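Peer 1: Fold the following.
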Amino acid sequence: MNGRRIAFRNARLIDPANGLDVKGGLLVENGRIADIGPRLFNDAEPSDPEVINCQGLVLAPGLIDCRVFTGEPGSEHRESLESASHAAAAGGVTTMIVMPNTDPIIDEPSLVDFILRRAAATAKVRVAPMAALTKRLAGEVMTEIGLLKEAGAVAFTDSDRSVPNARVMRRALAYAATFDALVVGHAEDPELTRDTAVTEGEFATRLGLPAAPALAETMMVERDLRLVEMTGARYHFGQISCAASLDAIAAAKARGLPVTCGVAAHHLVLNELDVGSYYTFRKVRPPLRSEADRSAMVEGVASGAIDVIVSSHEPQGADTKRQPFAAAAFGAVGLETLLPAALTVYHEGHASLPHVLAALTSAPARLLGLPGGTLSKGAPADLVLIDPDEPFAVDAETLRSRARNTAFDGRKFQGRARATFVGGECVFDRARG
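Peer 2: Take a look at the predicted model:
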């Protein structure tokens, strides 16, 4: 355990979990937050700890990214837990929630244990695995949710696949409800989206690309909301991308259903036109939507109807991306651009900085029952120092991920992480490169 005492001084403390936004300081002892408040702005207790002058920058809880795909086990050449953790640390992410579509698929307790042990040995940040909802992600036989939860799985999902059989989904939700387990769904009708590459519309027609209607997402959202109503299970839509889906979820929340939803950072910034001249690095699932849908996602974050913002980090090699658009793999890396992309909601005046940070910290912690996401006394000292106004341009060649398939290469942003701490230990310092 880290036995050092560290005092962070001259900071703007933002802790959405406690409604805190003040100038002050924070004291870390033994890897946990020992004290916090305005009185520590210049003076820290106990005397003579290691001092970090925050120079008026924002000190916030480390980000929790609820949707991270890695290649370990099975495809470490694309991304390992170690390489993903370097990217996470550079992006201010202190906890990664990793998806189960690896090789082998994380559908057994021993594989959950493997991920936890491997991450503890190699990763710079905390890692928590989701486990498969159905065996082999095949959508036919549900997994042993109770045993997987006992092994350390924080939620259950079939990753980037929907469960097409409503009977199987109903049984899985009812079973999960007995363990108060969170089910994370992917909302896309598999038949309507089969062999498609973009969202349906005039632009897709001009490009001559196979397209699926946005309705393919909303149909699955509405089906699963009805199943939640039947079973009472806690349900989270991992990422949504269109206004109709958000309207359905907001209505379900108003009826008291235990549902939440997330949005990928790229769906807050980009729309279908950004595919441009068949730019495969912006081929994502669900696809980039219309400008009206993008605006609805931003408003959803601002209103609180959307609970969390995720990176949907999905590394792909050049061999799978540098292909004709329809044949290229889906996915974009996003751990390092999650915070800058999310901050566009703040810089464009749609929401306050604490509100945006809540969707990256306290909301995912609450959703998954994690101890982080707060600056409360006794909480893990997982922290990020943010310069919310620093201008920069994304350079794919400097990313820490093993993959370079960012949707934002050359994009200019404002605001990013300056330093990241996990359990009080500095795991990234931009000043040191």
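
Peer 1: Could you confirm Asp160 falls within a helix?
Peer 2: No: counting by DSSP: H, G, I helix; E, B strand; the rest coil, Asp160 is not part of a helix but coil.

Peer 1: residue contacts, it?
Peer 2: 69, 99, 101, 186, 285, 330 (CB atoms under 8 Å, 6 or more residues apart in numbering). C-betas here are computed from N, CA, C, even on glycine.

Peer 1: Does Ile36 touch Val22 like I think?
Peer 2: No: look at Ile36 against Val22 with CB atoms under 8 Å: they stay out of range, at 9.4 Å.

Peer 1: Which one's more surrounded, those two?
Peer 2: Between Ile36 and Val22, Ile36 has the larger neighbour count (other CB atoms under 10 Å), namely 24 against 13.

Peer 1: any idea how far stretch 419-433 is from the chain center?
Peer 2: 20 Å (CA atoms, centre = their mean, to the nearest Å).

Peer 1: Mind checking the pLDDT average for that stretch?
Peer 2: Model confidence over stretch 419-433, given as mean pLDDT, is 94.

Peer 1: mind listing what's buried in it?
Peer 2: 419-424, 427-429 (16 or more other CB atoms under 10 Å).

Peer 1: what's the most distant pair in the residues you listed?
Peer 2: By the measure CB to CB, Gly423 and Asp429 form the most distant pair in those, at 15.6 Å.

Peer 1: returning to that earlier point: cross the buried residues of stretch 419-433 against strands and list the overlap.
Peer 2: Of those, the ones assigned to strands by DSSP state E are 419-422, 427-429.

Peer 1: ok, what's across the strand from the most centrally placed residue in the chain?
Peer 2: Compute the mean C-alpha point of the chain, and by CA atoms, centre = their mean the closest residue is Val310, 2.6 Å away. With DSSP bridges as the criterion, Val310 is bridged to Ala264.

Peer 1: Tell me who's in contact with it.
Peer 2: By CB under 8 Å, 6+ apart, the neighbours of Val310 are 65-67, 238-239, 262-265, 338.

Peer 1: how does it look with 6 Å?
Peer 2: Residues near Val310 by CB atoms under 6 Å, 6 or more residues apart in numbering: 65-67, 262, 264.

Peer 1: wait, which of those residues is closest to Val228?
Peer 2: Looking across the contacts of Val310 and measuring by CB to CB, the closest to Val228 is Gly262, at 16.0 Å.

Peer 1: for stretch 308-318, what is the average pLDDT?
Peer 2: So the average pLDDT for stretch 308-318 ends up being 96.

Peer 1: Pull out the buried positions in that stretch.
Peer 2: Buried residues in stretch 308-318, counted by 16+ other CB under 10 Å: 308-317.

Peer 1: Likewise for stretch 395-407?
Peer 2: Buried, per 16+ other CB under 10 Å, within stretch 395-407: 396, 399-407.

Peer 1: nearest to Arg289, of these?
Peer 2: Closest approach between the buried residues of stretch 395-407 and Arg289, by CB to CB: Ala407, at 13.7 Å.

Peer 1: can you pull the contacts of the closest residue to that closest one other than its chain neighbours?
Peer 2: Nearest non-adjacent residue to Ala407, counting by CB to CB, 6 or more residues apart in numbering: Ala332, 4.2 Å away. Shown in contact with Ala332 (CB under 6 Å, 6+ apart): 284, 405, 407.

Peer 1: what pLDDT does Ala332 get?
Peer 2: pLDDT for Ala332: 98.

Peer 1: Specify the beta-bridge partners of it.
Peer 2: Counting by DSSP bridges, the residues bridging with Ala332 are His313.

Peer 1: Check which residues of stretch 68-76 are buried.
Peer 2: For stretch 68-76, burial by neighbour count (16+ other CB under 10 Å) applies to 68-73.

Peer 1: before we move on, back to that, save the contacts of Val310 as a markdown table, and put in pLDDT too.
Peer 2: Shown next, in a markdown table, are the contacts of Val310 (pLDDT from 0 to 100):
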| residue | pLDDT |
| --- | --- |
| Asp65 | 98 |
| Cys66 | 98 |
| Arg67 | 98 |
| Gly262 | 98 |
| Ala264 | 98 |
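
Peer 1: Out of those residues, name the ones that lie in strands.
Peer 2: Counting by DSSP E, the contacts of Val310 place 65-67, 262, 264 in strands.

Peer 1: now these as JSON lines including distance to Ala351 and neighbour count?
Peer 2: As requested, those are exported to JSON lines (distance: CB to CB, whole Å; neighbours: other CB atoms under 10 Å):
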{"residue": "Asp65", "distance to Ala351": "19", "neighbour count": "30"}
{"residue": "Cys66", "distance to Ala351": "19", "neighbour count": "30"}
{"residue": "Arg67", "distance to Ala351": "21", "neighbour count": "27"}
{"residue": "Gly262", "distance to Ala351": "16", "neighbour count": "24"}
{"residue": "Ala264", "distance to Ala351": "17", "neighbour count": "29"}
